[in-house]
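K.L.:
predicted model, plus sequence, below.
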Amino acid sequence: MVRRGVSSVFLLFVILGFSYPKLSLAQSEAEPEFNYKWSKQQKLITTNIVANTFIGVWGLSVWDYGVRDMHFTNESWFQANTLHGGADKIGHTYATFGLGHMFAWYFERWGYTQKEAAAYGALTSLGMHSFMEFGDSFSWFGFSYQDFSMNVLGAYLAYYLYQHPQRNRYLDLRVEYIPSGTTYDVFTDYQGLKYLAALKLEAFPWIRSPVLRYLELHTGYFVRGYEKVKEAKQRHVYVAVALNVGRMFRRQGVKRMDWFLRYFQVPFAYLPATVDLNGASRAPQLLHYQ
């Protein structure tokens, strides 16, 4: 499904606002009897209730929930003739993964252990996306087996990598974005999105070269032309040698930027070789950026 980007940003702010550690009246000197600190369990439950309530209300008002009887749909996977060439499927995985880590980060700071936070974060994210699919089953879109499967994959990756940070030192799952102008919806602007996995050479103790420790190896997937009727449809896989920009910031003491770049890729900071699976170019294209 491909119409949730702008509302997802709003949803994020709603979740964070309602999940704040204290009730808004807790700071009020005029009402000291409301000075009540929420337990970690209350915060967890409230987060899930608010998130899914918002999804339900928004779905009824914007996503046409309830206009049809419950039904299922087969959207296929990454075939050339699919609506978005499969980029939307990877988008589901990445969205579930990213939200899972965001929730886990908050849950751990609310007092849960790392293992508990990883599990609750992944389940909260999966629950939200599953509820969206359930709502879709009553809309024109229908419940997509493929979307649900990719959501499960994203939740598992969120759980595993958060619970095993030593693995996360080696591997990042990232998204790259350059606005294409085809839509204002960042999350569904597949003309400008790329999804990738980055293997960081600095994590390998036997690599001691200062130069090599600033490098990464990438593999990724992106589509072009699926949002523009007059353009040829392209499905690209690529490999690349890249700069570890996060390490550069971390070495300068800017740790927050290093954390941000674990999830987002800096454009043009790598040398790719791409292959178009639709057949437009069978040979790898060095230094080719699309």
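P.N.:
Sure, I can see it.

K.L.:
tell me which residues are up against stretch 118-134.
P.N.:
Residues from elsewhere that reach stretch 118-134 (CB atoms under 8 Å, 6 or more residues apart in numbering): 1, 4, 44, 47-48, 51-52, 55-56, 59, 92, 95-97, 99-107, 112, 143-144, 147-148, 151-152, 154-156, 158-160, 162-163. Every C-beta, even on glycine, is put in place using the N, C-alpha and C of the backbone.

K.L.:
roughly how far out does it sit from the chain middle?
P.N.:
Stretch 118-134 sits 13 Å away from the centroid of its parent chain (CA atoms, centre = their mean, to the nearest Å).

K.L.:
just the CA trace of that stretch, in CSV.
P.N.:
What follows is stretch 118-134, C-alpha atoms only, in CSV (Å, rounded to 0.1, in the frame of the first residue of the first chain):
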residue,chain,number,x,y,z
ALA,A,118,13.8,-5.0,21.6
ALA,A,119,10.8,-7.3,21.8
TYR,A,120,8.3,-4.7,22.7
GLY,A,121,9.6,-2.3,20.1
ALA,A,122,9.4,-4.8,17.4
LEU,A,123,5.9,-6.0,18.5
THR,A,124,4.6,-2.5,18.8
SER,A,125,5.7,-1.6,15.3
LEU,A,126,4.4,-4.9,13.8
GLY,A,127,1.1,-4.4,15.6
MET,A,128,0.7,-0.9,14.1
HIS,A,129,1.4,-2.1,10.6
SER,A,130,-0.7,-5.2,11.0
PHE,A,131,-3.6,-3.1,12.1
MET,A,132,-3.1,-1.0,9.0
GLU,A,133,-3.3,-4.1,6.9
PHE,A,134,-6.4,-5.2,8.8
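
K.L.:
if we can go back for a sec, so how do I select the buried members of the contacts of stretch 118-134 in ChimeraX?
P.N.:
In ChimeraX, this line selects whichever of the contacts of stretch 118-134 come out buried by 16 or more other CB atoms under 10 Å:
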select :1,4,44,47,48,51,52,55,56,59,92,95,96,97,99,100,101,102,103,104,106,107,112,143,144,147,148,151,152,154,155,156,158,159,162,163
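
K.L.:
so which of the contacts of stretch 118-134 are in strands?
P.N.:
143, 144 (DSSP state E).

K.L.:
check the gap between residue 41 and residue 94 for me.
P.N.:
Residue 41 sits 29 Å away from residue 94, going by CB to CB, to the nearest Å.

K.L.:
for whatever helix or strand residue 41 lives in, name the packing helices and strands.
P.N.:
Per DSSP states H and E, residue 41 falls inside helix 40-61. Where contact means 3 or more CB pairs under 8 Å, 6 or more residues apart in numbering; DSSP states H and E, helix 40-61 is packed against helix 5-18, helix 87-109, helix 114-136.

K.L.:
return the member of those having the minimum mean pLDDT.
P.N.:
In terms of average pLDDT, helix 5-18 trails the rest of these, at a mean of 46.

K.L.:
before we move on, the earlier item: of all the helices and strands packed on helix 40-61, which one comes closest to residue 245?
P.N.:
helix 87-109 (18.5 Å; CB to CB).
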